[in-house]
Structures are given as C-alpha cells and as structure tokens.
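Peer 1: can you look at this prediction? I've put the sequence above it.
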Number of protein chains: 2
Amino acid sequence: MNQIENISGRQLEIIEAAGKILTASGVGGLTIKNLAKEMNFSESAIYRHFPSKEAIIIVMLNYLAQNMDVRYHKALKGIESPIESFTTLFQNQFSFFKLNPYFVVAVFSDGLMEESQGINETIFKIMTVKMKHLMPIVFEGQQKEVFINTIAPEALTHIIMGSVRLLMFKWRIAHFNFDIEIEGNNLIQSLLSIIKK
Amino acid sequence: MNQIENISGRQLEIIEAAGKILTASGVGGLTIKNLAKEMNFSESAIYRHFPSKEAIIIVMLNYLAQNMDVRYHKALKGIESPIESFTTLFQNQFSFFKLNPYFVVAVFSDGLMEESQGINETIFKIMTVKMKHLMPIVFEGQQKEVFINTIAPEALTHIIMGSVRLLMFKWRIAHFNFDIEIEGNNLIQSLLSIIKK
DNA sequence: TCTTTGTTAGTGAGTATTCACTAACTTAAA
DNA sequence: TTTAAGTTAGTGAATACTCACTAACAAAGA
C-alpha cells in the first residue's frame, strides 16, 4: 500500500521524543521548543532533520500506521476462524496501544487535524488501515454464519469501531491509568457475546 | 442538577457567535479576534461580558448541557416502552445536534479539553447528563427482557454510546455534509436489531 | 601524506505573527 | 450624574521558522 519511508536514526529519535511529549502533555505541548528541549539541542537543529512541524507529525503517523499494518498482517496470518481473527486483531491493537500510548493521543486528537490537510489525510489513512483488516473478518464471519446476519457488515463494523474508539477515549482522559489490555479484552468479550450467532 | 445560569442577551449572542465560529472553523478558529469580528465590535468589548475566553466556553457548554437535559426530560415524559424511549432519546439527540452542530465540535474536540480544568469538568458533566438518561432505559429494557441480558448494562451502554460518538465524528470530518437525522435513524435501527431480544 | 573542498549536524540570535488580555478614554441612556 | 457598553491602542508571551555561522568529519587530488 505504501512505500517504505526512509527514516534516519535522528528522525526516529525525534519522532519518539514527539511521542513522549504527546503522552505527557498532549497536543498542546507538542511545540518545537519542547521537542528541542526533549532532544537536548536547539530548536533550529530540529529543522536539520525535518522541513516543518507538519512533516514531523505526518512522518510519525505514517511510521506508526506502517508499523500497525505489518503487525496486523503477521498476527492474522494462518488464522482461519473469524472469531479467533477478531479476538487476535483487537488484542494485537490493544497491546500496540499499550506500548505506544501517544499514538492514541495523536490519532484521536482533533487539534492536530484541523489545521493541516496532510495530517488530516494521514489520519484518514490510518482509519482505512484498520478498516481494511476488520471488514473482511466481519464479512467472513457473517458468511460462515458465526456472526449475526441481521445487520449489514458496514453497520456492524461501525458499531465495533465506535466502541473501541470510545474505550481509547476513556483511557486517554483517565491519563492511561488503567490497563488497556484488560479492559480491551472485556470489550472484546462483550462485543462477541452480542454479535455471535 | 444545576442552578439556572443567568445569561444576558449579549452573552447569549456571543455564545451563538462562538458556536458559528466553531462550526465553520473548528476549535482553532475560536479566538477573541474572530469572536469580535463575528459580533461586529472590538476585541476588548468581549471582555465587558465575559472575564475570560475560558468562561465563554464553560458558559456555552453549560448552557447547551442544560438545554439538552431539559429536552430529554420533556421528550421522554410519559413514554413507557424501553424501545420507544431508546428511539426517542436518540432521535431527540440527533435533531438537537442538527440544530446545533457546533455542540458536536465543542464536546468532541480534545483541543478544548487539554488546557483547562474547568472546561474538562464541564465536558465530563455533559457526558454524565447523557448517561443519566440512557442507563435507566437500557437497564429497564433488560429487566423487562426486551433487550438482551447476556451483557452488563454498563457494557451495553458503552457500545451504544461509542457507535453514536463515532457517527458524530464522521459527521464532523464530513463537514456536516450528510443528514445526521437520517444516518442517526439508521444507526438506531442497527443498534436495536442487535440488542433486541 | 598533506591540503583543499564539501558535508553534516549543531548553535544562538532574531524574524513576523498570533494569542489572550488590559488601561484609558468616550458616549449614551437611565 | 452615574453607569453600562463600547472604542483605540497597546502589552507580554508564545508560536513556527530563518539566518549567519561553526566544529567535526569525509573524500579526493597533488
């Protein structure tokens, strides 16, 4: 889907510093000044590695999206049962979020979005990556009659993604102060108990 | 729940101007300068009516929350059936959002949230108002065995609220370019077809 | 093996712009 | 004559970003 981005070591460090700031202080804290402070060098040095703040965010989101896509592919490989696929997909997602909480901040923050068309498109791409993996699972589950058939796959996918997003949101406003893997698993079970035939 | 706020005519005008800006330009566009321009007077005149920008947002959110609470009460009065209550609650909500799209921008924007404790609390209060009305409907539906019982009412409420939130989000990033009442009704039907026993 | 030349990754000072907010003044109505 | 509601003209702080400059290193030619 996407060509492999060539990210230098320093660029990766900067991205990780940006993530650290996002987790700690949110979108509002992500300034060039704070980024430079986190990297222990001057503000202008940032611009040796990125042309703009927008570029930093876009590269960061792309890097994470790519990471996510690869993880999903690996995790779902060889799994046949839709229920197992469903469970694996979300378990994988929750453990990824646990590892990279700033991803949640970035993707679910509208502050980032409004200004830049490029950032907007990248976030949209991430939603698409997620859909790309979830939809076929739901569809196949309905075909094989293990998931309920009384509702269109798009509608079912919407409901599933919405509840997952809300869990993310709650996790974020709780400042990541509960175990997203445990709560995520609870949600998976709740969802399955509803959509299983 | 909340004492009636005493809002002057001018204050209400300013709140409505803020709403107009939110709808058109999002959280980033809501500045005192833009607010003054929308009101056709100088920036400093705003401060004749509000002590701070934060106060404007808080009063606005409180006003909307109160409005919402009253509407829900009226709409649900006299309805017995949980399914009808459920449908009415969300139809009411979607028509309210259609009338006040800026409410969606305000409440679902994380940009607003981060900065101020006061704003944070007000948004939390709004979520509570919504929960206050939805939870008893779900609970009663489960008691009367018209809604499924295989899942805790909290979990069911979470899934419902998540899918509604996601619809709001989609509506917003589509710049309000579809009919939220129609799509909302579709969602209500989808949800009912899942949670009805 | 020097020496020239170019590159990479940094510095610190400064740019224009935007932000919320304020002091001092004016005007008009009660 | 007091007060409410407006004006003009500012403030300081923060923002992303640019500028001229430099130390350290790499490569290539004499």
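Peer 2: Arrived safely, thanks for sending. Numbering: from 1, shown residues only, chains lettered A, B, ... in the order given.

Peer 1: using CSV, write down the CA coordinates of stretch A:128-145.
Peer 2: Taking C-alpha atoms only, stretch A:128-145 is exported to CSV below (Å, rounded to 0.1, in the frame of the first residue of the first chain):
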residue,chain,number,x,y,z
THR,A,128,-8.5,2.9,6.5
VAL,A,129,-5.7,0.5,7.5
LYS,A,130,-7.8,-0.5,10.5
MET,A,131,-11.0,-1.0,8.4
LYS,A,132,-9.0,-2.9,5.8
HIS,A,133,-8.3,-5.6,8.4
LEU,A,134,-11.6,-5.6,10.3
MET,A,135,-14.1,-5.6,7.4
PRO,A,136,-13.1,-8.9,5.8
ILE,A,137,-13.2,-10.6,9.2
VAL,A,138,-16.8,-9.4,9.9
PHE,A,139,-17.8,-10.2,6.4
GLU,A,140,-16.4,-13.7,6.5
GLY,A,141,-18.0,-14.2,10.0
GLN,A,142,-21.3,-13.4,8.6
GLN,A,143,-20.9,-15.6,5.5
LYS,A,144,-19.9,-18.6,7.7
GLU,A,145,-22.9,-17.7,9.9
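
Peer 1: so does that stretch get close to chain B?
Peer 2: No: applying C-beta under 8 Å from any C-beta of the partner chain, one finds stretch A:128-145 separated from chain B by no less than 12.0 Å. Backbone N, C-alpha and C define where each C-beta goes, glycine included.

Peer 1: check stretch A:24-42 too.
Peer 2: Yes: Stretch A:24-42 lies within reach of chain B by C-beta under 8 Å from any C-beta, at A:26-28.

Peer 1: chain A: helices as residue ranges?
Peer 2: Remark: helices assigned in chain A by DSSP state H are A:9-29, A:32-39, A:43-49, A:53-76, A:82-99, A:101-107, A:110-115, A:117-143, A:153-173, A:180-195.

Peer 1: including neighbour count and distance to A:P101, could the residues of stretch A:24-42 next to chain B go into JSON lines?
Peer 2: Output for those, formatted as JSON lines (neighbours: other C-beta atoms under 10 Å in any protein chain shown; distance: C-beta to C-beta, whole Å):
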{"residue": "A:G26", "neighbour count": "20", "distance to A:P101": "11"}
{"residue": "A:V27", "neighbour count": "20", "distance to A:P101": "14"}
{"residue": "A:G28", "neighbour count": "16", "distance to A:P101": "16"}
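
Peer 1: tally up the residues packed near the closest residue to A:L64 other than its chain neighbours, please.
Peer 2: Nearest non-adjacent residue to A:L64, counting by C-beta to C-beta, 6 or more residues apart in numbering or on different chains: A:F103, 5.2 Å away. Neighbour count of A:F103, defined by other C-beta atoms under 10 Å in any protein chain shown: 22.

Peer 1: count the residues that sit near A:I148.
Peer 2: A count of neighbours around A:I148, defined by other C-beta under 10 Å, yields 15.

Peer 1: which residues does it contact?
Peer 2: For A:I148, the contacting residues are A:142, A:156, A:195-197, B:194, by C-beta atoms under 8 Å, 6 or more residues apart in numbering or on different chains.

Peer 1: rerun at 10 Å
Peer 2: Contacts for A:I148 were tallied using C-beta atoms under 10 Å, 6 or more residues apart in numbering or on different chains; they are A:141-142, A:156, A:194-197, B:193-194.
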